[in-house]
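Asks: what's the 3D shape of this:
(4 chains, ligands or ions: 2)
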There are 2 protein chains.
Amino acid sequence: MPYVSEKNLGRLSLYRRLLNRLQAEGIRNIYSHELARMAGGTAAQVRRDLMAVGSLGSPKRGYSVRELIESIGIFLDAPHGEGAAIVGVGNLGRAIMAYFAGRRPRLSIVAAFDSDPSKVNRVIHGCRCYPVEDIERVVREEGVNVAIITVPAREAQATAETLVRAGVRGLLNFAPVPLRVGPDVYVEDIDMTMALEKVAYFARRGGAVEEITK
Amino acid sequence: MPYVSEKNLGRLSLYRRLLNRLQAEGIRNIYSHELARMAGGTAAQVRRDLMAVGSLGSPKRGYSVRELIESIGIFLDAPHGEGAAIVGVGNLGRAIMAYFAGRRPRLSIVAAFDSDPSKVNRVIHGCRCYPVEDIERVVREEGVNVAIITVPAREAQATAETLVRAGVRGLLNFAPVPLRVGPDVYVEDIDMTMALEKVAYFARRGGAVEEITK
DNA sequence: GTCACACTGTGAATTCTTTCACATACTATA
DNA sequence: TATAGTATGTGAAAGAATTCACAGTGTGAC
Ligand SMILES: NC(=O)c1ccc[n+]([C@@H]2O[C@H](COP(=O)([O-])OP(=O)(O)OC[C@H]3O[C@@H](n4cnc5c(N)ncnc54)[C@H](O)[C@@H]3O)[C@@H](O)[C@H]2O)c1
Ligand SMILES: NC(=O)c1ccc[n+]([C@@H]2O[C@H](COP(=O)([O-])OP(=O)(O)OC[C@H]3O[C@@H](n4cnc5c(N)ncnc54)[C@H](O)[C@@H]3O)[C@@H](O)[C@H]2O)c1
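Replies: Ligands and ions are numbered 1, 2, ... in the order given. This next block holds a predicted model:
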């Protein structure tokens, strides 16, 4: 399987979503420059990204939407689907559960955990909420490989360690603290404060340098 | 004012948060390699990043935590504070309002908007919720420069256009669609589906390439 | 059947980012 | 006051990511 950088992979995920929308509209073929326009990039970059999934475009007709979705799927998805866990069923955690509920069949939230007794043993957005003591057991039983962390910042490191001990190898972290984990665990941070400060800064200094202009 | 790349700026924001925490713990000085360890980077990168704010370290003592926070603030923040707006007071929008409420004095959410009549004219997490028809007026009155978009995907483009028309120059977009705006508007997308797919992918293929190892 | 065209796939060039490595400078100590 | 030692600031090198640019190719027109 070819190596892809993180950015590369992110864009493949984006292309797939755009392609799914096109497919729903009945569009069967698409050119790299059209996809680029939708994704906010350049045609060359789209083509370069698609090399990872084994390019399958044809001149004069571009890419088959159906084939592309399929190829990206083969590349991105776990062969037999995958379940994620979420720890911290607060404001953000519940919003995320609502968002992912019933959305992606190949990657869904299969277990939630919270330390608050008033939240455990309830079903929230179609997903059972367990006490944190059950993390290890449930993660192992369900074969969960990926987890979302939405606990308060001071609990995040300990939560990450528990999850890793249970076998989780990928973390999506919403707590505003960098997590320390072993090199075999992949961490993606979503840092809204940083994002908002970036936006404020670049909005002040004469806007975008690189926006979808044409 | 020196030019900084997006990544650069993001890290400055992160450093500031880490430094604030240190300051609260009573720590007065810090070395680049310590900050690097906390932020998950290298010492050289920290020093390089800090060049943007005008470096002010001293050998043997490192950087003054207080001075650094101050310098980063001068660099990052609007001189007299700044108000942001949020459009879409749903699950995610409310979580974000709760999160930012009373947190950053220099960059706070000063107005919320929703199209749902049952939400407007209420105060949610200390912030007035207006009908969408008032976006233009309120944004102008409050001098809002930055907005957060948490409306459903199909409404996002129209919302962005309304905001830009009202004078907003920076958007933090949570809707899973790339926004088309003019080149003078800065857009930052937070795409949770992409993030989760990335985590799942890299978790599967032997974890991180580049995590905080040492 | 064959021609011309527009688009793909991809090496090479460019641009952007990170890391290296070292001269410089400050402090503590005696 | 002189000295030793360690951390900074930064040019230069290395490494990534993006863009350029063009050869190759399948398609539709005729
Ligand atoms: N709300 C947002 O929009 C937002 C934005 C950015 C970042 N964050 C971060 O996301 C995290 C959650 O934010 P929130 O607004 O949902 O907070 P919240 O207080 O609403 O929810 C936190 C939840 O975690 C649970 N919890 C606490 N300790 C736990 C533990 N050790 N194990 C399991 N569960 C535990 C609590 O019971 C609660 O249900 C925080 O770290 C916050 O900084 C939130
Ligand atoms: N919930 C999540 O965790 C999550 C995660 C990723 C992305 N998103 C995206 O964020 C957006 C909001 O998600 P949500 O879960 O909060 O949805 P939601 O349905 O709970 O909230 C949407 C809100 O927007 C309001 N709204 C609808 N049209 C509007 C308009 N034209 N102008 C102003 N307000 C309008 C609705 O009244 C509602 O209050 C969606 O685009 C979603 O795809 C959400």
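Asks: how much space between residue A:5 and DNA strand C?
Replies: Look at residue A:5 and DNA strand C: by Cβ to the nearest atom of the strand, to the nearest Å, they are 12 Å apart. Backbone N, C-alpha and C define where each C-beta goes, glycine included.
Asks: With residue A:37 instead?
Replies: Taking Cβ to the nearest atom of the strand, one finds residue A:37 at 12 Å from DNA strand C.
Asks: now the helix or strand where that residue lies, how far from the centre of its chain.
Replies: Assigning secondary structure by DSSP states H and E places residue A:37 in helix A:32-39. How far helix A:32-39 lies from its chain's middle: 21 Å, per Cα atoms, centre = their mean, to the nearest Å.
Asks: Same question for stretch A:43-56.
Replies: With Cα atoms, centre = their mean, you get 20 Å for stretch A:43-56.
Asks: in it, what counts as buried?
Replies: By 16 or more other Cβ atoms under 10 Å in any protein chain shown, the buried positions in stretch A:43-56 come out as A:45-47, A:49-50, A:52-53.
Asks: One more: stretch A:183-200?
Replies: For stretch A:183-200, burial by neighbour count (16+ other Cβ under 10 Å) applies to A:185-200.
Asks: again, but for stretch A:29-48
Replies: When neighbours are counted by 16+ other Cβ under 10 Å, the buried residues of stretch A:29-48 are found to be A:29-32, A:34-41, A:45-47.
Asks: anything in stretch A:176-191 near DNA strand C?
Replies: No - on the criterion Cβ under 7 Å from any atom of the strand, stretch A:176-191 is out of touch with DNA strand C, staying 13.8 Å away.
Asks: End to end on that stretch, go ahead and measure it.
Replies: Stretch A:176-191 has its terminal residues 6 Å apart, counting by Cα to Cα, to the nearest Å.
Asks: closest to residue A:171 among the buried residues of stretch A:43-56?
Replies: Among the buried residues of stretch A:43-56, residue A:52 lies closest to residue A:171 (Cβ to Cβ), at 23.7 Å.
Asks: Restrict stretch A:56-66 to CA atoms and write it as PDB.
Replies: Output in PDB follows, covering the C-alpha atoms of stretch A:56-66 (Å, rounded to 0.1, in the frame of the first residue of the first chain):
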ATOM      1  CA  LEU A  56      -8.000   5.600 -12.800                       C
ATOM      2  CA  GLY A  57      -9.000   8.600 -14.900                       C
ATOM      3  CA  SER A  58      -9.300   8.700 -18.600                       C
ATOM      4  CA  PRO A  59      -8.600  11.600 -20.800                       C
ATOM      5  CA  LYS A  60     -11.800  13.200 -22.300                       C
ATOM      6  CA  ARG A  61     -13.900  11.600 -19.600                       C
ATOM      7  CA  GLY A  62     -12.100  12.300 -16.400                       C
ATOM      8  CA  TYR A  63     -12.700  10.000 -13.400                       C
ATOM      9  CA  SER A  64     -15.700   7.800 -12.900                       C
ATOM     10  CA  VAL A  65     -17.400   9.000  -9.700                       C
ATOM     11  CA  ARG A  66     -18.400   5.500  -8.700                       C
END
